[in-house]
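Novice: Got a sequence here, can you model it:
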Amino acid sequence: METTIYSPEDHPEITVVQTTGDVEFDACGSERLRGLLHGIIEGGDRFLVLDLSASEQVAERAIAEMVAVFARARLAGGDLVFVVNHGPVLKALRTIGVTELTLVLEYLDQAVDQMVLKAATPE
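Specialist: Numbering: from 1, shown residues only. Predicted coordinates:
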């Protein structure tokens, strides 16, 4: 798994985290991603887009770790949305119940637009 982290040029208040490759529940997969996500929240970023569209498989335990980060973002006054556009990962998110907690969108630009709206809404 590879991870790219950036803020869109026009929206520095949004942090996009993109994964490429399978996210396994091990030190190189979800443990690394969890550490990165927690570091982002601890660093003050509150509005995250987690783009899993280039990952064919994401371990369910890895998704559970992502939900914990989602909760921390919400506690900090922010939010997290997922970008998923294919079967196995979307099915796993539905099975765990993530789709009941937050938005799961098909396209990255949709997710960024949603986070921009949330970031602009006063607490």
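
Novice: From the contact counts, what lies against the longest helix along the chain?
Specialist: If you go by DSSP state H, the chain has its longest helix at helix 60-75. Judged by 3 or more Cβ pairs under 8 Å, 6 or more residues apart in numbering; DSSP states H and E, helix 60-75 is in contact with helix 30-42, strand 47-54, strand 79-83, helix 87-96, helix 98-101. (C-beta placed from N, C-alpha, C; glycine too.)

Novice: Need the ones you listed in TSV (columns: mean pLDDT and distance to residue 72).
Specialist: Formatted as TSV, the helices and strands packed on helix 60-75 follow (pLDDT from 0 to 100; distance: least, Cβ to Cβ, whole Å):
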stretch	mean pLDDT	distance to residue 72
helix 30-42	82	5
strand 47-54	94	10
strand 79-83	94	9
helix 87-96	89	17
helix 98-101	90	13
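
Novice: what's near enough to touch the residue most central in space within the chain?
Specialist: Most central in the chain under Cα atoms, centre = their mean is residue 50, positioned 2.3 Å from the mean C-alpha point. Residues in contact with residue 50 (Cβ atoms under 8 Å, 6 or more residues apart in numbering) are 17, 19, 37, 66, 80-83.

Novice: which of those residues has the most neighbours?
Specialist: residue 80 (29 neighbours; other Cβ atoms under 10 Å).

Novice: That one contacts residue 70, correct?
Specialist: Yes: Residue 80 is within contact range of residue 70, at 4.4 Å (criterion: Cβ atoms under 8 Å).

Novice: what is in contact with these two at once?
Specialist: With Cβ under 8 Å, 6+ apart as the test, residue 80 and residue 70 both reach residue 102.

Novice: How many residues are close by residue 109?
Specialist: By other Cβ under 10 Å, neighbour count at residue 109 equals 11.

Novice: how close does it get to residue 53?
Specialist: According to Cβ to Cβ, to the nearest Å, residue 109 stands 12 Å off from residue 53.

Novice: swap in residue 41?
Specialist: 22 Å.

Novice: And for residue 7?
Specialist: 18 Å.
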